[in-house]
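Chemist: Need a 3D model of the sequence below.
(2 chains)
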There are 2 protein chains.
Amino acid sequence: MNTQPDAQDFQHKDTAGAHLVRAIPTARPETPVSEVITQLSGQIFDCADTVFVTDAAGRLEGIVRINDLLAHGTRTVAEIMEPEHEAVSRGADQEDIAKLAIRLNMIVVPVVDDAGRLIGAVPPEALFRILRDEHMEDLQRLAGIGAHHAGPDAALDAPIRNRLARRLPWLVFGLLASTLVTLVMVRFEETLASHVTVAFFVPALVYIAGAIGSQAVSVAVRGLATHDVSISALLRDEIVIGLGIGAALGVLSGLGVLIGFGDARLSLAVGLAVLCGGAISSLVGFALPWVFQRLGSDPALGSGPICTVIQDASSLLIYFAAVSLLIL
Amino acid sequence: MNTQPDAQDFQHKDTAGAHLVRAIPTARPETPVSEVITQLSGQIFDCADTVFVTDAAGRLEGIVRINDLLAHGTRTVAEIMEPEHEAVSRGADQEDIAKLAIRLNMIVVPVVDDAGRLIGAVPPEALFRILRDEHMEDLQRLAGIGAHHAGPDAALDAPIRNRLARRLPWLVFGLLASTLVTLVMVRFEETLASHVTVAFFVPALVYIAGAIGSQAVSVAVRGLATHDVSISALLRDEIVIGLGIGAALGVLSGLGVLIGFGDARLSLAVGLAVLCGGAISSLVGFALPWVFQRLGSDPALGSGPICTVIQDASSLLIYFAAVSLLIL
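Modeler: Numbers count the residues shown, from 1 in each chain, chains lettered A, B, ... in the order given. The predicted model follows:
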């Protein structure tokens, strides 16, 4: 087999093609295992951890780990191979390849063409790098840091100007979006002017909404990345958990305000804002990554900064609504 | 070799011992490669992707990938093995094992006893799971979600009460910590009462400080996990980047306030608060994960919630200081 990766494979950094090695051992199902071992000896492979079983047309029929090959000298390949194989296309997303490997306990993932013919494999070393890169990318995307063209690995070595440029865009977006929370404040100017105590709890409310929301975002990103479970079941759970968190923190914060300020109506307003704000923050933090995924973007991309503004603004609106109802 | 993992290995879920397989192929350096292949045939191994080269006492001397073994039939093991090997002890942390595998491009990591004698290996399947689990744990810890005893995999399947219990502790801590930002607000009650416009920008400032800080936390967690570079060089860069971000956002927000409210002094106060707040948020977000690591904790653990409160409180203090200087 040709060991030179195609030029086209380098065009798509995050696909199977970019990680493809072509010198991999193949065997026919009817061959005795001892014969396969003899045939493999003396050949130069890029990755010989798994032998791929193909038919006469080169179509993938099964896989045999090298362990199993060594163990069963007198049997045929067909007797020991795993026929329940799965393979990826050359254009498969690298994250999906890593997920497949973990799900099926494969350490080398076969790459096939449209006709199911084996064209190469993604070796375990590449799968390690993919898993590490996806990890780093998730951390960056959740924090609103742009992708680096040379991969997440280069992020810390890049010139400072480059690193600055990758962090500014979402922050500038965030600054524009924060006009929304400022407008909520302006809208309640009279309330603030007549009851300055109301302003005391604004930063704490914003803080709590953000903390609850970032947990929900993390749970959603994780759920979307690893599970094939229904989004509706996860969403239902998230609403229950959000209400539970909101209720617990709402009671605590209400009690705190009552003890610290001795104002029952203010205490109720803060408690209600934390309760409803917590539930909404959970909901938004969970739903937005899902929306991003449906739109074809990475769930982690920008969920953080966008979520936070929606959560902050809605928490403040609920707070001022409660204040208007209870105090004014 | 004995394929039964020791009972003691299951006591330490996150160590090499927990992932150890014992039935692995070994060879002596002086043996010809073709003979090794013959010897391996017919044996049952847990993982045969790498052959470990040992001396007469069982001490690890080198490693040979199965690819290389197949390619060089007529040479001896010593001629083709990689003598620059590294190995881990049974108690090695699983995250360190995965890092070592990626750094040295090993797909099977040898485990040795105190005398350097080979006792087993961590196979590639286990390394995949470790990388995936560390990814999920980082996401959870950054969001302030407690670890699940059955591993991050079980987190979405656990009963709702359990998931709630894992999310509440850091939030309750956050609620208590948010007393700090409320106290800052109370301390400036007179300022707020006489200039209610000052309150308008409080949630936006808190939001921007949080956004800048979570980027710095993410960069620090990534840097501590993947790099061996000096913390002081990274910190110096982070201060420069923080000042750059603060300056860019400070000018933008100052202009925004000037256009929206036509108040030059208020505009200057907001701009200064964003500038200094941004620099401090970068610094705190970067330094705190490092402090956590020095204290022996996971850098990602709680950095989020703790950082945010410090960032919020210091941004507000700077804002009110600027307001006091410029407006009152």
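Chemist: Enumerate every residue touching the nearest residue to A:Phe200 once chain neighbours are set aside.
Modeler: Spatial nearest neighbour of A:Phe200, chain neighbours left out: B:Met185 (4.4 Å); criterion: CB to CB, 6 or more residues apart in numbering or on different chains. No exception for glycine: its C-beta is placed from N, CA and C like everyone else's. If a contact means CB atoms under 8 Å, 6 or more residues apart in numbering or on different chains, then B:Met185 has A:Ala199, A:Phe200, A:Phe201, A:Val202, A:Pro203, B:Leu192, B:Val202, B:Leu316 as its contacts.
Chemist: same thing with A:Ala48?
Modeler: The neighbours of A:Ala48, taking CB under 8 Å, 6+ apart as the test, are A:Ile24, A:Pro25, A:Leu40, A:Ile66, B:Arg65, B:Ile66, B:Asn67, B:Leu70.
Chemist: Is it located within a strand, as I assumed?
Modeler: No. Counting by DSSP: H, G, I helix; E, B strand; the rest coil, A:Ala48 is not part of a strand but coil.
Chemist: now the contacts of A:Ala48 in JSON lines, with distance to B:Ile259?
Modeler: Shown next, in JSON lines, are the contacts of A:Ala48 (distance: CB to CB, whole Å):
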{"residue": "A:Ile24", "distance to B:Ile259": "63"}
{"residue": "A:Pro25", "distance to B:Ile259": "68"}
{"residue": "A:Leu40", "distance to B:Ile259": "73"}
{"residue": "A:Ile66", "distance to B:Ile259": "68"}
{"residue": "B:Arg65", "distance to B:Ile259": "64"}
{"residue": "B:Ile66", "distance to B:Ile259": "68"}
{"residue": "B:Asn67", "distance to B:Ile259": "65"}
{"residue": "B:Leu70", "distance to B:Ile259": "71"}
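Chemist: out of the residues you listed, who's nearest A:Arg132?
Modeler: Nearest to A:Arg132 out of the contacts of A:Ala48 is B:Arg65 (CB to CB; 19.9 Å).
Chemist: Tell me the pLDDT of the nearest residue in space to the closest one that is not next to it in sequence.
Modeler: Among residues not flanking B:Arg65 along the chain, B:Thr50 sits closest, at 5.6 Å (CB to CB, 6+ apart). As predicted, B:Thr50 sits at a pLDDT of 86.
Chemist: B:Thr50 contacts B:Val64, doesn't it?
Modeler: Yes. Using CB atoms under 8 Å, B:Thr50 is in contact with B:Val64, at 6.9 Å.
Chemist: quick one, which of the two is more surrounded?
Modeler: Set B:Thr50 next to B:Val64 and count neighbours by other CB atoms under 10 Å in any protein chain shown: B:Thr50 wins out with 27 against 23.
Chemist: Wait, a helix at the residue nearest to A:Phe200?
Modeler: Yes. With three-state DSSP as the criterion, B:Met185 is part of a helix.
Chemist: related to what we said a few turns ago, just the contacts of B:Met185 now: which is nearest B:Leu288?
Modeler: Of all the contacts of B:Met185, B:Leu316 has the smallest distance to B:Leu288: 18.4 Å, by CB to CB.
Chemist: what kind of secondary structure is that closest one in?
Modeler: For B:Leu316, the assignment made with three-state DSSP gives helix.
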